[in-house]
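> Dropping a prediction and its sequence here:
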Amino acid sequence: MNYSNQKDFEFSTVKIALLNADAPFPPGMIDYFSDISEKDLELLKGVWPQVWIERRRGLLEDMEDLAESDTLLDFDPVAIMCLEDEDPVARATAIRLLWQSDREDLVPLLLKRLQEDTEAIVRSAAATALGTFVELGELEEIRVETFQQVVDSLIRTYQDARDKLICRRALESLSYSSHPDIPDFIRRAYESNDEEWLQSALFAMGRSYDKRWTHQVLEMFAHPDSEIRCEAIRAAGELETQDARELIIDLLEEGTDDEELYFAAIWALSKIGGEGVRELIEIALEETEDMDEVLLLEDALANLDFTEQVSRFDLMNFDEDDLDDWLDDEDAEEY
């Protein structure tokens, strides 16, 4: 779908389009909702409840799609407005629309949805969105008080929520955290004999960037469920597990009809790097005519460039004690 970047619309024109049940909402008007003025936002608040549910949902989904492809668009004010929408699907979509935002003032709004919303799809979306702020807290990019509030709330949710999806999403967001209880939460999910919990455990292992999980991740490469294998491959990539390289290359050389598995494998290799990876991706790029695959492979090559640059930097960045030990070993070999 093509969207124009025109904002030359008066609110009165947008209002007519919003309420016109006999015609689709003009795609070129979606851009109107980005960087909306406070005045127009107030006008929109008055009209929005009159727009039928399917259109409200569709507009938020369109905004979500646009925001993913153009980071300069800012639909945050509209998304925040829709956190109070009477429709839970619209509220959940509005939260997803905020997933890329790192504004600390969103935390109270997301915590309210997590703690007070009556619908599981909304609470689980909020749990996922709060993961951004767990990561920011670990990087010391938000206030300590905010960080602690988010972690404490997610832990309570993980421990107390009755809905499995909400608990899983809370665990996945908590996996960024260095809180001492998190590894035990992940281990319990891994050992639960529940495939959905296992997927979340593997996702959390990768996100944690904790090498302790390498054995568990590699063990799941042989799992009969393809979604679990996908999560294991992704986790191996996030952990930059060198022992996974040959296993993933073998999988790709054998061939797979599972597109998700294929894409996960290519991306994991781009994060792991090493012998044979660049050649494999370049050959795949030469042989494919599928544009989605072309874009993935080009992105994977760009990511592999970054992986290799970091690896070269790490090799040059010798620790002084390590260098002394290496020189001592060289001297010893001469005798």
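Happy to help now that I have it.
> from here on, contacts and neighbour counts on C-alpha atoms
OK.
> and Asp299, what element?
Here Asp299 sits within helix 291-316, counting by DSSP states H and E.
> can you give me the helices in the stretch 151-300 of the chain?
For the stretch 151-300 of the chain, helices defined by DSSP state H, counting those that start in this stretch occupy the ranges 164-174, 182-190, 195-208, 214-219, 226-238, 245-254, 259-272, 277-287, 291-316.
> Name the residues of the second one that are buried.
Right, the one you point to is helix 182-190. Neighbour-count burial for helix 182-190, with 16 or more other Cα atoms under 10 Å as criterion, is recorded at 182-183, 185-187, 189-190.
> what angle do that helix and helix 195-208 make?
Inter-element angle recorded for helix 182-190 and helix 195-208: 150 degrees (by axes from the mean of the first three to the mean of the last three Cα atoms, to 10 degrees).
> Determine how far helix 182-190 lies from the middle of the whole chain.
Relative to its chain's centre, helix 182-190 lies at 20 Å (Cα atoms, centre = their mean, to the nearest Å).
> Can you name every helix or strand that it contacts?
Contacting helix 182-190 under the criterion 3 or more Cα pairs under 8 Å, 6 or more residues apart in numbering; DSSP states H and E are the following elements: helix 164-174, helix 195-208.
> who touches that helix?
For helix 182-190, the external contacting residues (Cα atoms under 8 Å, 6 or more residues apart in numbering) are 171, 174-175, 197-198, 200-202, 204-205.
> Need the max-distance pair from these.
With distances taken as Cα to Cα, the most widely separated pair in the contacts of helix 182-190 is Leu174 and Leu198, at 15.5 Å.
> Tell me which of these two has more neighbours.
Leu174 (33 against 23; other Cα atoms under 10 Å).
> quick one: contacts for that one?
Leu174 neighbours (Cα under 8 Å, 6+ apart): 131, 134, 151, 154-155, 182.
> As a markdown table, those residues with distance to Phe33 would be great.
Conversion of those to a markdown table gives the following (distance: Cα to Cα, whole Å):
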| residue | distance to Phe33 |
| --- | --- |
| Gly131 | 26 |
| Val134 | 29 |
| Val151 | 32 |
| Leu154 | 31 |
| Ile155 | 35 |
| Ile182 | 39 |
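> Please pick the buried ones from these.
131, 134, 151, 154-155, 182.
> how many neighbours does Ala92 have?
So Ala92, with other Cα under 10 Å, has 25 neighbours.
> Give me the spatial nearest neighbour of it, chain neighbours excluded.
Val122 (4.6 Å; Cα to Cα, 6 or more residues apart in numbering).
> what about that neighbour, which SS state?
helix (DSSP: H, G, I helix; E, B strand; the rest coil).
> follow-up on the earlier one: can you put the helices of the stretch 151-300 of the chain in a markdown table and add mean pLDDT?
Below are the helices of the stretch 151-300 of the chain laid out as a markdown table (pLDDT from 0 to 100):
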| stretch | mean pLDDT |
| --- | --- |
| helix 164-174 | 98 |
| helix 182-190 | 98 |
| helix 195-208 | 98 |
| helix 214-219 | 98 |
| helix 226-238 | 97 |
| helix 245-254 | 94 |
| helix 259-272 | 96 |
| helix 277-287 | 96 |
| helix 291-316 | 89 |
